[in-house]
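> Build me a model:
(one chain, ligands or ions: 3)
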Amino acid sequence: MDNVIGLEIIEVVEQAAIASARLMGKGDKNEADHVAVEAMRQRMNQIHMKGRIVIGEGERDEAPMLYIGEQVGICTQDDAAKYCNPDELLEIDIAVDPCEGTNLVAYGQNGSMAVLAISEKGGLFAAPDFYMKKLAAPAVAQGHVDINKSATENLKILSDCMNRSVEDLVVVVMDRPRHKDLINEIRTAGARVRLISDGDVSAAISCAFSGTNIHALMGIGAAPEGVISAAAMRALGGHFQGQLIYDPEVVKTGLIGESKEGNIARLKEMGITEPDKVYNAEELASGQTVLFAACGITPGTLMEGVRFFKGGARTQSLVISSQSKTARFVDTIHMFESPKNIQLR
Ligand SMILES: O=C(COP(=O)(O)O)[C@@H](O)[C@H](O)[C@H](O)[C@H](O)COP(=O)(O)O
Ligand SMILES: [Mn+2]
Ligand SMILES: [Mn+2]
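Ligands and ions are numbered 1, 2, ... in the order given. Okay, the predicted model is just below:
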């Protein structure tokens with residue numbers, strides 16, 4: 001699959017990031033999201049592929065672009081026969097979040113990115129627009145920490161696996177009222193907490209890279225972002241587990257339907273009959289090949305944000321492939337006009 005899509009997906013996330021970065025700090029999260037969606041879709045539809053969006057713009061808000069089920073790529077267009085023989089192409093599933101961290105972009109804060117994950121048809125869990133309890137940790141702790149264990153137990157395991165004291169561990173948690181007890185528990189156990197307002201994809205993936213000073217992600221975020229994080233973590237060999245959260249009482253914020261019972265029924269309609277199942281990275285991103293690409297919109301732990309200069313912009317992306325077993329950081333200079341000079345670094 002790597003060969004089919006090549007490095008084109010880098011441009012997909014780069015274009016979305018550049019478009020969104022223009023709106024950085026403007027206080028308009030919807031517009032920052034909208035332009036990223038448009039740019040991502042436009043570039044995606046130039047790729048010689050037969051893709052289907054399985055995680056995209058909200059399943060309930062009838063989004064006009066990159067909605068779940070939308071066909072993308074040249075080979076899905078009406079005039080596809082002009083460009084390719086669609087029958088010869090591998091069908092692929094795509095999970096997108098063109099602007100992950102819309103609030104971060106709108107308020108000029110760190111940690112937003114344009115991101116996507118790709119696998120063969122059926123290779124990504126089509127997560128419903130629900131919440132997900134998540135546990136991410138470095139590869140060395142893979143299979144040792146467990147979402148069913150308490151934070152205290154997991155911190156002890158993590159400290160053993162990483163050969164460092166609990167006090168030397170940093171756990172990222174989303175700053176939400178639902179995490180009050182979790183945060184207290186982590187602090188009582190001796191670890192330090194980094195609270196984030198948004199952007200748990202970046203936090204999850206950062207666990208797999210030493211040097212980020214992020215050793216675990218704990219708590220509840222959105223389910224679609226969980227699948228995207230899992231795709232990267234699977235390819236990186238990091239630990240990721242997710243469990244759908246369908247009880248509005250547990251999440252305390254956000255809109256996930258009226259009642260727990262109603263949500264269980266909704267999940268059943270979607271074919272999810274074990275609503276409490278804990279999924280690991282290999283189940284959330286189960287395809288033979290998984291590709292992940294992200295481009296920083298605002299600066300983050302993993303990537304720089306978009307930097308504009310006269311006549312161009314510079315971006316940094318991360319592309320992870322389970323096939324070539326690579327995590328590639330890509331530094332790109334985009335020349336909109338003919339810039340007078342291009343800085344080496
Ligand atoms: O921060 C996030 C928002 O993503 P986006 O809407 O694409 O800008 C995600 O990283 C989180 O995973 C998640 O969406 C968030 O936790 C939703 O929960 P809440 O804000 O508490 O309702
Ligand atoms: Mn998001
Ligand atoms: Mn988004």
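> ok, D33 to ligand 1 distance?
D33 sits at a distance of 7 Å from ligand 1 (criterion: CB to the nearest ligand atom, to the nearest Å). Backbone N, C-alpha and C define where each C-beta goes, glycine included.
> dump the residue contacts of whichever residue of the chain sits closest to ligand 2.
Residue of the chain nearest ligand 2, by CB to the ion: E100 (3.9 Å). By CB atoms under 8 Å, 6 or more residues apart in numbering, the contact set of E100 is 112-115, 199, 201-202, 225, 228, 294.
> Repeat that for L23.
Counting by CB under 8 Å, 6+ apart, L23 touches 31-32, 35, 105-106.
> ok, which pair from the residues you listed is furthest apart?
V35 and A106 (12.0 Å; CB to CB).
> Residue numbers of this structure in contact with ligand 3?
Taking CB under 5 Å from the ion as the contact definition, the chain meets ligand 3 at 97, 99.
> Looking at the chain, which helix is longest?
In the chain, taking DSSP state H as the definition, the longest helix is helix 29-44.
> Please work out the average pLDDT along the following helix or strand past that one.
The first helix or strand that comes after helix 29-44 along the chain, using DSSP states H and E, is strand 50-55. In this model, strand 50-55 has an average pLDDT of 96.
> What is strand 50-55 packed up against?
In this structure, strand 50-55 packs against strand 71-72, strand 91-100, helix 223-236, with contacts taken as 3 or more CB pairs under 8 Å, 6 or more residues apart in numbering; DSSP states H and E.
> As a markdown table, these with mean pLDDT would be great.
Formatted as a markdown table, those follow (pLDDT from 0 to 100):
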| stretch | mean pLDDT |
| --- | --- |
| strand 71-72 | 94 |
| strand 91-100 | 97 |
| helix 223-236 | 98 |
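> how about the ones you listed in TSV, adding distance to K134?
Formatted as TSV, those follow (distance: least, CB to CB, whole Å):
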stretch	distance to K134
strand 71-72	27
strand 91-100	14
helix 223-236	6
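> quick one on the thing from earlier: filter the contacts of E100 down to the ones in strands?
Counting by DSSP state E, the part of those found in strands is 113-115, 294.
> farthest pair in those?
Distances among the ones in strands among the contacts of E100 were taken as CB to CB; the most separated pair is A114 and A294, at 6.8 Å.
> any residues in contact with both of those two?
With CB under 8 Å, 6+ apart, A114 and A294 have common neighbours 13, 100.
> Between these two, point out the one with more neighbours.
Comparing A114 with A294 by other CB atoms under 10 Å, the one with more neighbours is A114, at 33 against 29.
> quick one: contacts for the nearest residue to that one once chain neighbours are set aside?
Nearest non-adjacent residue to A114, counting by CB to CB, 6 or more residues apart in numbering: A16, 3.5 Å away. Neighbouring residues of A16 by CB under 8 Å, 6+ apart: 36-37, 39-40, 43, 98-99, 114, 295.
> which one is the closest residue to ligand 3 within the stretch 101-250 of the chain nearest to, not counting chain neighbours?
Closest contact between the stretch 101-250 of the chain and ligand 3, by CB to the ion, is at T102 (5.4 Å). Leaving aside its sequence neighbours, T102 sits nearest to K29 (CB to CB, 6+ apart; 4.0 Å).
> ok, the one you found - how many residues close by?
Neighbours around K29, by other CB under 10 Å: 18.
> need the strands for the stretch 101-250 of the chain, in chain order.
113-120, 131-137, 170-174, 192-196, 216-222, 239-245 (DSSP state E, counting those that start in this stretch).
> just the ones you listed: most buried one?
Ranked by mean neighbour count, the strands of the stretch 101-250 of the chain are led by strand 113-120 with a mean of 28 (mean count of other CB atoms under 10 Å).
> circling back to that earlier point, dump the strands of the stretch 101-250 of the chain into JSON lines; add mean pLDDT and distance to ligand 2 as well.
Conversion of those to JSON lines gives the following (pLDDT from 0 to 100; distance: least, CB to the ion, whole Å):
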{"stretch": "strand 113-120", "mean pLDDT": "98", "distance to ligand 2": "8"}
{"stretch": "strand 131-137", "mean pLDDT": "98", "distance to ligand 2": "12"}
{"stretch": "strand 170-174", "mean pLDDT": "98", "distance to ligand 2": "12"}
{"stretch": "strand 192-196", "mean pLDDT": "98", "distance to ligand 2": "12"}
{"stretch": "strand 216-222", "mean pLDDT": "98", "distance to ligand 2": "6"}
{"stretch": "strand 239-245", "mean pLDDT": "98", "distance to ligand 2": "14"}
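> Surely the residue nearest to A114 is in a helix?
Yes. Under DSSP: H, G, I helix; E, B strand; the rest coil, A16 sits within a helix.
> Contacts only, for the closest residue to E57 other than its chain neighbours.
Computed as CB to CB, 6+ apart, the closest residue to E57 that is not its neighbour in sequence is A63, at 3.4 Å. Shown in contact with A63 (CB under 8 Å, 6+ apart): 37, 56-57.
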